[in-house]
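> sequence unknown, structure follows:
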């Protein structure tokens, strides 16, 4: 019975119950969606403040501000290399497995309204200039109010640099930011107890709305995507992790609670503050963690990248659209740009796919109707892969920069995570132990 108090066990049970309710009583399952939405909103309530105090405080304490620019350059270089590799793997698997072969779909028979809706969302704010302007918030506090991660990161960087230039006063401000951060992390420890409720609502809605039958209709695509993502994590990220001095399997085990919450809620943003906290516990410095994780949520989405090229070629194969080597190159180039606009929110990957198809006219955009019903089932895999990829990226960049305590990393991975229990007293004790 003691195991029932563990958070990750409760999340597993909630996922199973959500699937059962959605399958047996679909209407009830669909009605459970507010539970998932409410939990994610509670988490997003503290994401912006946590990023702000973590990044601003970390930069404020940096003795060498040039080091910040160096860390940023290394981070973006790593993101671009690994993200491109993920796109290439998705492309290669689609060409080898050919999951869309044999569908022989006539685009004229598909509902154009589905594609039009997502294409309109994808076109909103299009253009490099518009995207760059979007990085600048209207006011200092609007970024925090809207929860725009890159905008919050910008004001945090500016605040951190300002504090670093103010000497002793800046140090006092950094101390205050640390104290405020402890309050927000305390809120997180309370909110995360409701993860089973969010997971139950999300899985109930998914199964109730789309049905288990949707899985069978396009099982080859779903299976190919999940297997490709698993291979990417174990082989590609596993090799990168090994070169950085740690085991990918031990790392996955260490963040298993966060992975289960992401699986249940289908959103990697639901664990953003927790993963930042755990990476610091693993020995990565606060400044590196605060820079890599928020940036990675927009620039290092490995699961989304695999999905984009794999799904694009699936739609081409399903509609018998022949693509030559130049068209494949165009798809890859466009995907490298459009993938940078995705975020950890559920459904963002599908909107990004629509943006890619919109600028590759050879593939009929109406083909999106083929996979809109199963996208939710693949969203979980995208979010899980994105989370693992950003965790690995943080540890790699931290070691690259000499900001990783390798003894702490080895000790924490060998010991495993401190499990969270649902009982309030146990939760408080766990929090105190983590603080020690």
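Ah, there it is. Nothing here was measured: the structure is a model prediction, and the numbers come from that model.

> List the residues that contact residue 72.
The neighbourhood of residue 72, defined by CB atoms under 8 Å, 6 or more residues apart in numbering, consists of residue 291. Using the backbone N, CA and C atoms, a C-beta is placed for each residue, glycine as well.

> Tell me which residue of this protein is furthest from the middle?
residue 168 (37.3 Å; CA atoms, centre = their mean).

> gap between that one and residue 13?
52 Å (CB to CB, to the nearest Å).

> same question, residue 247
As for residue 247, its distance to residue 13 is 28 Å (criterion: CB to CB).

> how about the helices in the stretch 101-250 of the chain?
Secondary structure of the stretch 101-250 of the chain by DSSP state H, counting those that start in this stretch: the helices cover 112-123, 128-134, 140-146, 149-164, 168-191, 195-210, 213-217, 219-231, 238-244, 248-254.

> Please tabulate these in CSV and include mean pLDDT and distance to residue 413 as additional columns.
Converted to CSV, the helices of the stretch 101-250 of the chain look like this (pLDDT from 0 to 100; distance: least, CB to CB, whole Å):
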stretch, mean pLDDT, distance to residue 413
helix 112-123, 56, 40
helix 128-134, 58, 38
helix 140-146, 84, 34
helix 149-164, 85, 27
helix 168-191, 86, 22
helix 195-210, 84, 23
helix 213-217, 62, 34
helix 219-231, 92, 20
helix 238-244, 95, 10
helix 248-254, 95, 4
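
> which of those sits most buried?
helix 195-210 (a mean of 26; mean count of other CB atoms under 10 Å).

> What residues of the longest helix seen in the chain count as buried?
Among the segments of the chain that qualify as a helix by DSSP state H, the longest is helix 66-97. Buried positions in helix 66-97, judged by neighbour count with 16 or more other CB atoms under 10 Å: 67-68, 71, 74-75, 78-79, 82-83, 85-87, 89-91, 93-94, 97.

> Let me know the average pLDDT across that helix.
Mean per-residue pLDDT for helix 66-97: 89.

> go on, stretch 321-340?
81.

> can you check stretch 40-51 too?
On average, stretch 40-51 scores 83.

> Just the buried residues of it, please?
40, 42, 43, 44, 46, 47, 48, 49, 50, 51.

> Please produce CSV containing those, extended by secondary structure.
Below are these laid out as CSV (DSSP: H, G, I helix; E, B strand; the rest coil):
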residue, secondary structure
40, helix
42, helix
43, helix
44, helix
46, helix
47, helix
48, helix
49, helix
50, helix
51, helix
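
> Serialize the residues you listed to JSON lines and add fields for distance to residue 108.
Conversion of those to JSON lines gives the following (distance: CB to CB, whole Å):
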{"residue": "40", "distance to residue 108": "38"}
{"residue": "42", "distance to residue 108": "45"}
{"residue": "43", "distance to residue 108": "43"}
{"residue": "44", "distance to residue 108": "41"}
{"residue": "46", "distance to residue 108": "48"}
{"residue": "47", "distance to residue 108": "44"}
{"residue": "48", "distance to residue 108": "46"}
{"residue": "49", "distance to residue 108": "50"}
{"residue": "50", "distance to residue 108": "49"}
{"residue": "51", "distance to residue 108": "47"}
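
> I'd like the distance from the longest helix of the chain to the chain centre, please.
Mean-position distance between helix 66-97 and its chain equals 15 Å (CA atoms, centre = their mean, to the nearest Å).

> How about stretch 210-229?
20 Å.

> Please apply the same query to stretch 140-157.
18 Å.

> Quick one: end-to-end distance for it.
End-to-end distance of stretch 140-157 (CA to CA, to the nearest Å): 12 Å.

> correct me, but residue 88 touches residue 331?
No - at 11.3 Å, residue 88 does not count as touching residue 331 under the criterion of CB atoms under 8 Å.

> which residues do those two both contact?
Common neighbours of residue 88 and residue 331 (CB under 8 Å, 6+ apart) are residue 309.

> Look up how far residue 245 lies from residue 302.
From residue 302 to residue 245 the distance is 20 Å (CB to CB).

> ugh, typo on my part, it should be residue 105
Residue 105 is 48 Å from residue 245, by CB to CB.

> who has more neighbours, the two?
Looking at residue 105 and residue 245 with other CB atoms under 10 Å, you find the greater number of neighbours at residue 105, namely 18 against 13.

> can you pull the contacts of residue 389?
82, 86, 233, 237, 296, 300, 301, 302, 303.

> now these as TSV including distance to residue 351?
Below are the contacts of residue 389 laid out as TSV (distance: CB to CB, whole Å):
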residue	distance to residue 351
82	22
86	18
233	24
237	25
296	19
300	18
301	13
302	18
303	15
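
> what's around the closest residue to residue 211 other than its chain neighbours, how many residues?
Excluding its sequence neighbours, the residue lying closest to residue 211 (CB to CB, 6 or more residues apart in numbering) is residue 26, at 6.9 Å. Neighbours of residue 26 under the rule other CB under 10 Å: 17.

> Check the contact between residue 26 and residue 208; I expect there is one.
Yes - using CB under 8 Å, residue 26 is in contact with residue 208, at 4.1 Å.

> Can you list the buried residues in the host helix or strand of residue 21?
Element membership for residue 21, per DSSP states H and E: helix 7-24. Neighbour counts over helix 7-24 (16+ other CB under 10 Å) mark 7, 8, 9, 10, 11, 12, 14, 15, 18, 19, 21, 22 as buried.

> pLDDT wise, what is the fifth one at?
Reported pLDDT at residue 11 in the predicted model: 84.

> If you compare the directions of whichever helix or strand residue 36 is part of and helix 66-97, what angle comes out?
For residue 36, the host element (DSSP H and E) is helix 33-60. In terms of direction (axes from the mean of the first three to the mean of the last three CA atoms, to 10 degrees), helix 33-60 departs from helix 66-97 by 140 degrees.

> and helix 33-60 with helix 149-164, angle?
Using the same axes, to 10 degrees: helix 33-60 against helix 149-164 is 30 degrees.

> which strands and helices sit next to helix 33-60?
Applying 3 or more CB pairs under 8 Å, 6 or more residues apart in numbering; DSSP states H and E, we find helix 33-60 packed against helix 140-146, helix 149-164, helix 168-191, helix 195-210, helix 256-265, helix 272-281, helix 286-299.

> what separates that helix from the chain centre, distance-wise?
That offset, for helix 33-60, works out to 14 Å (CA atoms, centre = their mean).

> That helix to helix 168-191, inter-axis angle?
Angle, helix 33-60 to helix 168-191, by the same axes, to 10 degrees: 160 degrees.

> check contacts around the nearest residue to residue 392 once chain neighbours are set aside.
Of all residues not flanking residue 392 in the chain, residue 237 sits nearest, at 5.0 Å (CB to CB, 6+ apart). Each residue near residue 237 by CB under 8 Å, 6+ apart is listed here: 248, 302, 388, 389, 392.

> Least confident of these?
residue 302 (91).
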